[in-house]
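In: Need coordinates for the below:
(3 chains)
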Amino acid sequence: MADLGNILLFFLFPVSVFTALTALAAGVTKRRGLLEAARRGAYAAFAVTTLAVLALEYLLVTSDFSIEYVASNTNFTLPLFYKIVALWAGHNGSLLLWTWIVTIFIAIVAYQHRHKNNDLMPYVLFVMATTMVFFSILSVFISNPFQTLYQEYGNTLQEFIARDGHGLNPLLQHPAMVIHPPVLFIGYVGSVVPFAFAIAALITGKLGADWIHTTRRWALTTWGFLAVGIVLGGKWAYVELGWGGYWAWDPVENASLLPWLTSTAYLHSVMIQERKGMLKIWNMALVIATYLLSIFGTFLTRSGIVSSVHAFANSGLGPAFAIFLSMGIIFSVTLLLYRRKDLKPDEEMESLVSRESGFLFNNLLFILATIAVLWGTLFPVISELFTGDQITVGPPWFNNIMIPIGLALLLLTGVGPLLAWRHTSVETLKRSFGWPILGSVIFGAVLFASGIKDGWALGSFAIAFFVMWTIVVEFVKGANIRRKNSGENFFVAMYMLSRKNTRRYGGYLIHAAIVVMFVGFTGNVFNSETRAEVGEGDSFELGPYTFKAVEIVFSETVNYSSETLVLEMYRGERFIERITPEKRYYFASEQPSTEVDIYSTLREDIYAVLSGMSNDGTKVIVQVYRNPFVSMVWIGAFILTVGTLFAMLPNLRESKRGEE
Amino acid sequence: MSALAYLTGIAFLIWIIFPLFKKDSTWVSLYIEADELEDKKQRVYGNIADLEFDFAMGRLSEKDFKHIRQSFLSEAGRVIEKLESQKSNAFMERIQNDIDNLGKKKKKAKKGKTSSSKAFCTECGAENLPEAKFCMKCGKEMS
Amino acid sequence: MNSNKLKFVIGTLVIVAAVIVLAVQGMKEDDTMSYSKSVSEVQMLDSRAQSLTLKVNGDLKKGSIVRNNLDLDFVITEGNSELSIHYIGKDPIPDTFNNDMDAEVIVSGRLQQDGIFNAERIQAKCASKYEADYSSPAI
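Out: Coordinates of the predicted model:
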């Protein structure tokens, strides 16, 4: 079966090359036969890779320990579910997953457009196939998951079947881990589709908004997947890594954030091109940047140039990625420069107080954020190059920049939609912003009076209030206007209103989700914690809560042995909840792991971690964090998903009687 | 097992290469100018829709609304007119091309082109059909 | 350039300048930047280094871990150089951190005058993928 997988995977390489070449030839000669051959190449690439993936799954599920990947990432007693998802647990497998998703997308795109867009399609397929070629070279020749296991015997390397595998890293045995890589990869790989269309538009000179319309759903979908993937990563870090937080400005985390930032900027600036024919070059640049940053993100986690607790060990792929990235940058920039005369704006900016300028500032802030995060992430490399010292910047540096930018962006989400295109008069400004500003100032004053003194937190909550107010007004006002004509009930009117313009109202919903998430982020200002050494019967306090150590339990499963501390949480005399942080030892991998226990409410998370044992073994050391509003981050992410899905729905068309 | 893989792979390769050997045709690109005008039309329609929404939501005075709407509507009118003339131009040129090709087969010996079958735009100098009302390249009215 | 464009350019420059100020200011704060050094490089540092936050990576010396309730003492090595670490941090000690592990350790903190390194953060990675741990013979 391993041989089967190997051969199938190998075929991907010539098929990809063939697809790329025929697609290019089709673009030049405009011959239908060539284009059809390229499409079939895409389908075949998908088929062959899918079969290879299935072959690897077979090896994983049947625990074939003659294959290195299977032996490294699973063990015999690993639950079936984790054997299946071990496909992306290790470096080689996750690269194969990436490649597989590329083939899925090229097949979908080829199929979706098989009857139309002949001018762009050859080059679209060419660009996607080139990406496919690159990843197939990596998967087949450098990081092949079907490699057999070798062991040194004296002076020779012999093939070898391990008696049992090394097991899955305990940190990875968690539901969020399971979906985080595929979701994130879909977000990463998805950026290749708008990129391919943009390049095709540049090559063919068909620089109208066609390529934008065609890729609108792709751009929105991949944005959504990236956002959810990032949040899932945060959730997993929160639950598995045990330090009580969900974001550490770690290089790998930053790598996933970068394409999301440019992608968000694009989703907004593209609206300026749609209404005013401006920013054509800028939008192209954003699409190109998102794709290159996605590749860069994958590169960062596998090259070893920055050290991170998330990164795969240095896999030797660094140089290959660096070459591919450089070629991509040179190629794209050259094309852009070549076509710059045809990308001149159709209209001009008229006023600083207009929706256009709102979007422009939005983009400026996103780009500055991207540059800042990129700078901070690469600083160790840059500083070593120039000063010889490798210097790392920590979370305080990132927060120092990103918090003000974030709050400014949050403010814009409330202000922007209320500005008119071209120019907004002073009366309109007063009418639109008067009440919300007053409301949020009062809200801020109330918070201040109730004890919140931190400036940033107050600002954040006040802005959140302001934005939420404006969003609610949009929905309510819109529904009321509709009701005048349709006589529908309020909620029906609101629903119908939204369904008729899913992009706008889905967008508002996403903004509301962001507001909720910001409330969650602001909770970090008020985090508190305590650490205690307890034996059975001891107790300690945190804030208004008392924690009693009821007992310490030892137990065992097939996979691991565990030590659990049972804590009872009280507020005064009232019992609230049992909290059971655990420490496990996994037999196969001989690795310990900490299982935190979290009691989550809307208002706060009580997060307990077992740190260790006392010297004499009768007591355990437990750390308890009190993190306000963390649930808001997850709830906000859920609302964001709903909003994204809603925005992708087609607009409902109603037949209007007596018009037209 | 490996034999199966090889056979599958080769079958795929044959299936993929097959279209290259069929009797082939090429496709024709649509005029790029028409794309730009289509874009512009969509843009103006979108602007009108946004304007109406902004007005309904109270973000615009009635005077401003009427004034800006009028300018959008006349812009839309101009764009649609240009689009129509372009389409007829394109159609006419296609017919002309076919006629010319037929003619070329019969009059192979004749050299040079007759200048009476073309008109030139006074604005940009581009070649147009004699019946064209608007220039195909820049949209200016032909004299 | 008309006055509108000028306003935009000025607005942009102001925002960019503000961000640059934030970035530079962020680098001046002491606990933000950490200098990465290897164990042998640390030995060669002078007393100036005591005011800087250092990030030192090395291999854990097996058997050197001594736990004192919440604190931890251990030694990391690189080649022939050694560095004694005293961990007083509040984050839980990583799981991959015990006396039997072949672990790569990265500690963040400051070098004290007595040559002991006060670590505030520890990161540990299991060094081996899994090498010849298997007793089963080849096919």
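
In: Which helix in chain B has the most residues?
Out: The helix of greatest length in chain B, counted in residues with DSSP state H as the criterion, is given as helix B:62-106.

In: likewise chain C?
Out: Selection of the longest helix in chain C by residue count, based on DSSP H, yields helix C:3-28.

In: That helix and chain A in contact?
Out: Yes - with CB under 8 Å from any CB of the partner chain as the criterion, chain A is reached by helix C:3-28 at C:4-5, C:7-8, C:11-12, C:15-16, C:18-19, C:22-23, C:25-27. Every residue, glycine included, has its C-beta placed from N, CA and C.

In: Give me the mean pLDDT for that helix.
Out: Averaged across helix C:3-28, the pLDDT comes to 88.

In: Any part of the helix or strand harbouring A:Phe135 near chain B?
Out: Secondary-structure assignment from DSSP states H and E places A:Phe135 in helix A:121-137. No - contact between helix A:121-137 and chain B, assessed by CB under 8 Å from any CB, is absent, since the two come no nearer than 10.1 Å.

In: Point to the helix or strand of chain A where mean pLDDT is at its lowest.
Out: Among the secondary structure pieces of chain A, namely its helices and strands, strand A:150-153 has the lowest mean (mean pLDDT, DSSP states H and E), a mean of 69.

In: after it, next one along is what?
Out: On the C-terminal side of strand A:150-153, the nearest following helix or strand under DSSP H and E is strand A:156-159.

In: mind listing what's buried in the helix or strand following that following strand?
Out: On the C-terminal side of strand A:156-159, the closest following helix or strand by DSSP H and E is helix A:175-190. The neighbour-count criterion (16 or more other CB atoms under 10 Å in any protein chain shown) identifies A:176-178, A:180-190 as the buried residues of helix A:175-190.

In: Same question for stretch A:285-305.
Out: Counting neighbours by 16+ other CB under 10 Å, stretch A:285-305 gives A:285-304 as buried.

In: Kindly provide the whole-number mean pLDDT of that stretch.
Out: Predicted confidence along stretch A:285-305 averages 86 (mean pLDDT).

In: now swap in stretch A:244-256 and tell me
Out: For stretch A:244-256, the per-residue pLDDT averages 89.

In: related to what we said a few turns ago, list only those of the residues of helix C:3-28 next to chain A flagged as buried.
Out: Neighbour-count burial (16+ other CB under 10 Å) applied to those gives C:8, C:15, C:19, C:22-23, C:26.

In: Give the bridge partners for B:Glu141, please.
Out: The residues listed as beta-bridge partners of B:Glu141 by DSSP bridges are B:Phe134.

In: any low-confidence regions in the chain?
Out: No chain specified, so I'll use chain A. Screening chain A residue by residue with the criterion pLDDT under 70, one finds the ranges A:117, A:151-155, A:303-316, A:615, A:617, A:654-660.

In: let's do chain C instead
Out: For chain C, residues meeting the criterion pLDDT under 70 lie at C:1, C:29-31, C:68-70, C:89-101, C:125-139.

In: how about the helices in it?
Out: Using DSSP H, helices in chain C cover C:3-28, C:39-43.

In: Can you say which of those helices is nearest to chain B?
Out: Proximity of the helices of chain C to chain B was assessed by CB to the nearest CB; the nearest stretch is helix C:3-28, lying at 17.8 Å.

In: so what does that closest one touch, helix or strand wise?
Out: For helix C:3-28, the elements it packs on are helix A:355-387, helix A:395-415, judged by 3 or more CB pairs under 8 Å, 6 or more residues apart in numbering or on different chains; DSSP states H and E.

In: what's the next secondary structure element after the first one?
Out: Taking DSSP H and E as the definition, the helix or strand that follows helix A:355-387 towards the C-terminus is strand A:390-393.

In: Can you give the contact residues for that next one?
Out: Counting by CB atoms under 8 Å, 6 or more residues apart in numbering or on different chains, the neighbours of strand A:390-393 from elsewhere in the structure are A:376, A:379-381, A:383-384, C:26-27, C:32-36, C:55.

In: what do you get if the cut-off is 7 Å, keeping everything else the same?
Out: Where contact means CB atoms under 7 Å, 6 or more residues apart in numbering or on different chains, the residues beyond strand A:390-393 that reach it are A:376, A:379-380, A:383-384, C:27, C:32-36, C:55.

In: can you list the residues of chain B near chain A?
Out: In this structure, chain B approaches chain A at residues B:1-2, B:4-6, B:9, B:12, B:15-17, B:19-20, B:22, B:24-27, B:29, B:32, B:35-36, B:38-39, B:43, B:46-47, B:50, B:54, B:56-61, judged by CB under 7 Å from any CB of the partner chain.

In: Buried among those residues? Need that as a selection in ChimeraX.
Out: One line in ChimeraX is enough to select the buried members of these, burial here meaning 16+ other CB under 10 Å:
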select /B:5,9,12,16,19,35,36,38,39,43,46,47,50,54,57,59,60
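
In: Among the residues of chain B next to chain A, which lie within helices?
Out: When helices are assigned by DSSP H, the members of these inside them are B:2, B:4-6, B:9, B:12, B:15-17, B:32, B:35-36, B:38-39, B:43, B:46-47, B:50, B:54, B:56.

In: Show me what from the stretch 151-300 of chain A comes close to chain C.
Out: By the rule CB under 7 Å from any CB, the part of the stretch 151-300 of chain A lying against chain C is A:151-152, A:158-163, A:166, A:242-243.
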